[in-house]
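**Student:** The sequence isn't on hand, but the structure is:
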């Protein structure tokens, strides 16, 4: 069974960089697209972006200027970096696996809360 | 990109059927069959319920069904059960090679 686990700091200061890593176990990172999705407290889901195992990416236009998603196939991990964060970036961040040719994300991490505050 | 539009809340009694709509545009819902639906219980990660408009992943009850007409997708839940009480989100692929989620619908079992 594929499992995903997000890791990274739970508290980031305003104007600094938010960095998270998703570790995939129980399956290979190759041949799949991998997603980042976030959910501000009490609000809905927001798609952040995805990366293919080859390194090809697509980003939410509203975050594109601050966002980098990368992949390390040797570690079965992919990562997110979001620069110049503000309180509006406070959210639960999820990583997920995209089911091929389906439009759906079939495996999700448990999510990690990142709070932006001084 | 704007979020897809869903009703804020839908309710029904046990055993009844309900439908949740997801309204988009020809650049997302109407243009692609990559529409999916997620169920989210409080404090939990979303769970894929429907993909490619109407397909159910293994293990998802056949009480859940999806459809699409034009720029609007729908999720139907038949035989409503207490455990169906949750938030539901639609999602669609878009013309700019991105994804967009719906605004979310809270389903209450009366």
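**Tutor:** Yep, that arrived. These numbers come from a predicted model, not from an experiment.

**Student:** Closest residue of chain A to chain B?
**Tutor:** Taking Cβ to the nearest Cβ, chain B has its nearest neighbour within chain A at residue A:103, 2.7 Å off. Placement of C-beta: from N, CA and C, glycine included.

**Student:** list the contacts for the closest residue in space to that residue that isn't next to it in sequence?
**Tutor:** Spatial nearest neighbour of residue A:103, chain neighbours left out: residue B:34 (2.7 Å); criterion: Cβ to Cβ, 6 or more residues apart in numbering or on different chains. With contacts defined as Cβ atoms under 8 Å, 6 or more residues apart in numbering or on different chains, the neighbours of residue B:34 are A:102, A:103, A:104, B:51, B:52, B:92, B:93.

**Student:** Residue numbers of chain A in contact with chain B?
**Tutor:** When proximity is defined as Cβ under 8 Å from any Cβ of the partner chain, chain A approaches chain B at A:35, A:37, A:44-47, A:49-50, A:58-62, A:94, A:99, A:102-106, A:108-111.

**Student:** Try it again at 10 Å.
**Tutor:** Contacts of chain A with chain B, taken as Cβ under 10 Å from any Cβ of the partner chain, map to A:4, A:35, A:37, A:39, A:43-50, A:56-62, A:64, A:92, A:94-96, A:98-99, A:101-111.

**Student:** Weed out the non-buried ones from those.
**Tutor:** Taking 16 or more other Cβ atoms under 10 Å in any protein chain shown as the criterion, what is buried in these is A:4, A:35, A:37, A:39, A:44-50, A:57-60, A:92, A:94-96, A:98-99, A:102-109, A:111.
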